[in-house]
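A.B. asks: Have a look at this fold, sequence not included:
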C-alpha cells in the first residue's frame, strides 16, 4: 500500500472493523469517549464557578481538537506561538489568544496580517517597546489588535514584574492607536505539577493574591480588565475556589498523561475528574532475548522531560517500559518466561502529553476498536 | 509577510546580506564550512583504513544532507525507519540501508513497494518469521530484496543472539526465493557515548570480538558476508583500528553536539576531528527580571534526553541555558547587571543532535552570515 501522507499510513483503516489492532505504529491514539467526557466535565466544573474556558492548544496543536472544544463550550483556544495561531485560524478556529509575547519585526508583521483574517484574535505584551511595535504594525495593516497585559505572578518567565508596571503598560495600550486593551494574563507553569493539593495551594494562592492585587490596581486606574486569564489543569481546583481569573487556560485536561495522573486536581479527591484519553500504540520489533522485547518507540516517540511512559494494556502484569534509544524502547517483563510475539501491539499512557504530541503528525481518533477519524497535528513545528 | 510553509518563514532571507541575524526563530542552523569539513575528514579517516561510510540519516532526516554526503563519497545512507527510507528514496537518494527490522504486514508491503522504486535498497532481519514474510512480499511484488542479518553484539536491542543463530538465519535468507543475502550488521548504541577512549575500547572491543566470530562462522558456512556494517561516531577510532566492519554507520559526525563534543573520538586526542556545525538560533522574548532573560526555546525545541544546550555566541561570558517549559528557556547571566535586549538572538550548541533535529522542519544552511539555502527535514515524523 502507498502511504497517504496527508493523513498518514493508517488512512485506509478509517471506519474498518477492529482497525485499532491493525495500526501501523507508532500511532498516537485518542479515545473519543474519554476525551468527550473530559470536555463535558471541564464545562461543568467551570460553569459552577461562573468561569469559562479558552483551553490551551499547545497541548494538541490540532485544529480538529480545538473545534470540538469550542463545540463543547470553549471561548476559543490559547496558543503558545504565532505558528500555532496561524494553523488554528487557517482551520477556522476563532477566539485565539497567543499567550507568549510575539517579538521581532517579522513575527509582528505576520501577527498583524493574521489579525486581519482572524475573528477574536488576541495577543499578550509585557514590554512597552513591544506594545509600541504591535500598535504600529496594526495601524500599518489598517486594523486594531486586541491585547492583554502579561503579568508575572511568580513564575518569572514572561510578564511585567509589578502591579505598577501592569498599570503603566495597560495605560500605554489603552492610549495606543492600533491596540485594544482587553485585560490581563497571569499564568504560573511550575506549580501545575505540585502533586499535593495543600502544597500547591500554598504556593499558588500567594501568586493569585498578586494577580488579584494587579486586577485591583488596574480597576483603581480606570482600567478594570474585562478578561483575567490564567490557570492550568493542575491549578483548576484552586482557580475555581478563588475565582481571581475568569477565563481558564487548562490544556492537558483533555488528554491527561502519566505526570498529571499523579496530581490531586480537586482537594481530597484522589480520583481525577479527567480520564486518560491519549495513548501511544507501539509494536514489538524484536524478541530474541529473555525477559524483554524491543518496541518501536523511544526518544523520538515520547517526551523525555517528564516521567516514563506507562504500559496500559496488552502486556503481562508487572511489565514496565524503558527507553532504548531514539527509535526504540523495551518492555521489561516481571518474569523471564513472559514474552510478546513479533508484531504484537502494546498501548502506553504518554509521559508528558504536550511535548509528546509535538513529536507526531496524526491523532488517531478511536471509539472502541474502530478508528473513526485521523486528525493532522497541523501546528506541529516550532517556527 | 506571508510565511512560505514549504521552506518556512525565513525563505525570503535566502542569499540576503546578514540574513543570519534577521532570522525568525527558533531556527536550526547548519554552518556549511564546518559541515563540509566534517564530511571530508570522515572520508579521509575511513579511506586510510580501507573502509567506506553509509552515514546514518536518522541524525538529519534530510535528503539534502544525504545527497551532500553521497557527493562527498558515501555509499548511500542508513535509515532507522521505513518512513525515513521512503523520504530518502523519493528525493533521489540511492543505497539506503534500513537498520531496524521492518515488522508487520502493512510496513512489509510498503517496503516491498519501495524496493521496486529504489536503487540499492537494503533491509535487516533478526527473526526467521520476518525473513519469510519479507521474502513472500518481495516475491509478490516481483522483485528481490537485499537483506543483512542483524546481530546483537552486546546492546540487546535488536539482532540475533549468537553466531549459530546468525548462520541459521543467513542460510534461510540465502535459500529464500525473493531475498538476496548481503551480509551482517552489528551495531552497539550505548557504547558510543562512553567519554573515555580506553573504557570505551574495553567494552566495545569485546563486542567487536563477537562480531568477528560471527563473520568467521558465516565464512566457514560458505556465507562470507560482503557487507559488515556497524559503528557510530563514538566508536570511529576503534572501528578504524580493528577493521571488523567494512561499512561505517556514523551519523552525528556531520553535525556534532554537546554530548559528542565530550567524547574522545580518537585515542589521545582531546580535540575531536569533527567540528560543531549544527546550532540553534533563539530570540529573547522577555527581559523584565534581573540576572536572566527568557528565550523562545524549551522542551519542544531541544531534545531533553541528554545534557543541556550550551550557549555559543552573542551572550556575555559565563551565561548558561536553563529549561523553562515547553516553549521557553532562560539565559542566566553570571552577573545580575548583564542583560540582552528584547529580540536579541543567541546561538546554542544542540544537546543531542538526532532527537533535536527531529523537532524541527527546516535546516538553515549558512555560510558566514548568509543563509545559502533552506533544507526541509523531509523524514521528520515517526510513522
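C.D. replies: Structure received. This structure is a prediction, so every number in the text was calculated from the model and none was measured. Residues are numbered from 1 along each chain as shown, chains lettered A, B, ... in the order given.

A.B. asks: Which positions in the stretch 201-350 of chain A make contact with chain B?
C.D. replies: Residues of the stretch 201-350 of chain A lying close to chain B by C-beta under 8 Å from any C-beta of the partner chain are A:283-289, A:292, A:294, A:296-297, A:299-301, A:303-305, A:323-328, A:330, A:342-343. Quick note: C-beta positions are derived from backbone N, CA and C, even for glycine.

A.B. asks: at 6 Å what do you get?
C.D. replies: Counting by C-beta under 6 Å from any C-beta of the partner chain, the stretch 201-350 of chain A comes close to chain B at A:283, A:285-286, A:288-289, A:294, A:299-301, A:304-305, A:324-328, A:342-343.

A.B. asks: Domains in chain A, by residue range?
C.D. replies: A:11-29+A:273-376, A:32-254 (automatic domain parsing).

A.B. asks: now those domains as TSV including mean neighbour count?
C.D. replies: As requested, the domains of chain A are arranged in TSV below (neighbours: other C-beta atoms under 10 Å in any protein chain shown):
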stretch	mean neighbour count
domain A:11-29+A:273-376	21
domain A:32-254	21
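
A.B. asks: Would you confirm that residue A:178 contacts residue A:138?
C.D. replies: Yes - counting by C-beta atoms under 6 Å, residue A:178 touches residue A:138, with 3.8 Å between them.

A.B. asks: could you point out which element follows the strand ranked longest in chain A?
C.D. replies: For chain A, the strand that runs over the most residues, judged by DSSP state E, is strand A:278-286. Following strand A:278-286 in sequence order, the next helix or strand is strand A:292-295 (DSSP states H and E).

A.B. asks: by contact count, what packs against the longest strand of chain A?
C.D. replies: Counting contacts by 3 or more C-beta pairs under 6 Å, 6 or more residues apart in numbering or on different chains; DSSP states H and E, strand A:278-286 is packed against strand A:27-31, strand A:292-295, strand A:345-349.

A.B. asks: quick one: which of those is nearest residue B:131?
C.D. replies: strand A:292-295 (17.1 Å; C-beta to C-beta).

A.B. asks: Run me through the strand neighbours of the helix or strand following the closest one, direction for each.
C.D. replies: Where DSSP H and E defines the elements, the next helix or strand beyond strand A:292-295 is strand A:310-313. Strand A:310-313 has the following strand partners under DSSP bridges: strand A:345-349 (antiparallel).

A.B. asks: Tell me the gap between the strand it pairs with and the middle of its chain.
C.D. replies: 21 Å (C-alpha atoms, centre = their mean, to the nearest Å).

A.B. asks: now residue A:206, what's its secondary structure?
C.D. replies: helix (DSSP: H, G, I helix; E, B strand; the rest coil).

A.B. asks: Next, find the distance separating it from residue A:213.
C.D. replies: Computed as C-beta to C-beta, to the nearest Å, the residue A:206 to residue A:213 distance reads 11 Å.

A.B. asks: and if you look at residue A:262?
C.D. replies: The separation that residue A:262 has from residue A:213, given C-beta to C-beta, amounts to 32 Å.

A.B. asks: From residue B:88, how far out is the residue lying farthest from the centre of chain A?
C.D. replies: Counting by C-alpha atoms, centre = their mean, the extreme residue of chain A relative to its mean C-alpha position is residue A:337, 40.5 Å from that point. To residue B:88, residue A:337 is 41 Å away according to C-beta to C-beta.

A.B. asks: And for residue A:115?
C.D. replies: 40 Å.

A.B. asks: go on, residue A:96?
C.D. replies: With C-beta to C-beta as the criterion, residue A:96 and residue B:88 are 37 Å apart.

A.B. asks: try residue A:191
C.D. replies: Residue A:191 is 45 Å from residue B:88, by C-beta to C-beta.

A.B. asks: got it, and residue A:299?
C.D. replies: In terms of C-beta to C-beta, residue A:299 sits 21 Å off from residue B:88.

A.B. asks: Residue A:360 too?
C.D. replies: 20 Å.

A.B. asks: ok, now which ones touch residue A:98?
C.D. replies: A:79, A:85, A:123 (C-beta atoms under 6 Å, 6 or more residues apart in numbering or on different chains).

A.B. asks: likewise residue A:128?
C.D. replies: residue A:172.

A.B. asks: Tell me which residue is most central in chain A.
C.D. replies: residue A:59 (2.2 Å).

A.B. asks: Verify the stated contact: it with residue A:250.
C.D. replies: No - using C-beta under 6 Å, residue A:59 makes no contact with residue A:250, being 8.8 Å away.

A.B. asks: Report the residue spans of the stretch 1-150 of chain A with pLDDT below the cut-off.
C.D. replies: In the prediction, the stretch 1-150 of chain A carries residues with pLDDT under 70 at positions A:1-5.

A.B. asks: Near chain B, which residues of it are found?
C.D. replies: A:1, A:8-9, A:24, A:26, A:80, A:101, A:103-104, A:106, A:109, A:126-127.

A.B. asks: Now, the residues you listed that are in strands?
C.D. replies: Short answer: the residues of the stretch 1-150 of chain A next to chain B have none in strands (DSSP E).

A.B. asks: Adding distance to residue A:218, write these out as a markdown table.
C.D. replies: Shown next, in a markdown table, are the residues of the stretch 1-150 of chain A next to chain B (distance: C-beta to C-beta, whole Å):
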| residue | distance to residue A:218 |
| --- | --- |
| A:1 | 59 |
| A:8 | 47 |
| A:9 | 52 |
| A:24 | 53 |
| A:26 | 47 |
| A:80 | 24 |
| A:101 | 19 |
| A:103 | 23 |
| A:104 | 28 |
| A:106 | 31 |
| A:109 | 29 |
| A:126 | 15 |
| A:127 | 17 |
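
A.B. asks: For the stretch 1-150 of chain A, which segments count as strands?
C.D. replies: A:27-31, A:52-53, A:77-79, A:96-98, A:122-125, A:145-150 (DSSP state E, counting those that start in this stretch).

A.B. asks: for the stretch 151-300 of chain A, same thing?
C.D. replies: According to DSSP E, counting those that start in this stretch, the strands that the stretch 151-300 of chain A contains are A:179-185, A:227-230, A:247-248, A:278-286, A:292-295.

A.B. asks: which strand residues sit across from the residue lying closest to residue A:312 once chain neighbours are set aside in the sheet?
C.D. replies: Spatial nearest neighbour of residue A:312, excluding adjacent residues (C-beta to C-beta, 6 or more residues apart in numbering or on different chains): residue A:347 at 4.6 Å. Per DSSP bridges, the residues bridged to residue A:347 are residue A:281, residue A:313.

A.B. asks: distance of residue A:347 from chain B?
C.D. replies: 16 Å (C-beta to the nearest C-beta, to the nearest Å).

A.B. asks: Can you check the pLDDT for that residue?
C.D. replies: Looking at residue A:347, its pLDDT reads 96.

A.B. asks: Also residue A:262?
C.D. replies: Confidence score, pLDDT, at residue A:262: 89.

A.B. asks: likewise residue A:219?
C.D. replies: Reported pLDDT for residue A:219: 98.

A.B. asks: what's the distance between the residue nearest to it when sequence neighbours are not counted and residue B:74?
C.D. replies: Counting by C-beta to C-beta, 6+ apart, residue A:225 is the residue found nearest to residue A:219 once chain neighbours are left out, at 7.8 Å. To residue B:74, residue A:225 is 59 Å away according to C-beta to C-beta.

A.B. asks: ranges for the helices of chain A?
C.D. replies: With helices called from DSSP state H, chain A shows them at A:32-47, A:63-71, A:82-90, A:105-117, A:128-141, A:163-175, A:197-220, A:236-242, A:353-357.

A.B. asks: TSV for those helices, including distance to residue B:92?
C.D. replies: Listed next are these as TSV, based on distance: least, C-beta to C-beta, whole Å:
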stretch	distance to residue B:92
helix A:32-47	41
helix A:63-71	33
helix A:82-90	29
helix A:105-117	32
helix A:128-141	42
helix A:163-175	53
helix A:197-220	55
helix A:236-242	52
helix A:353-357	32
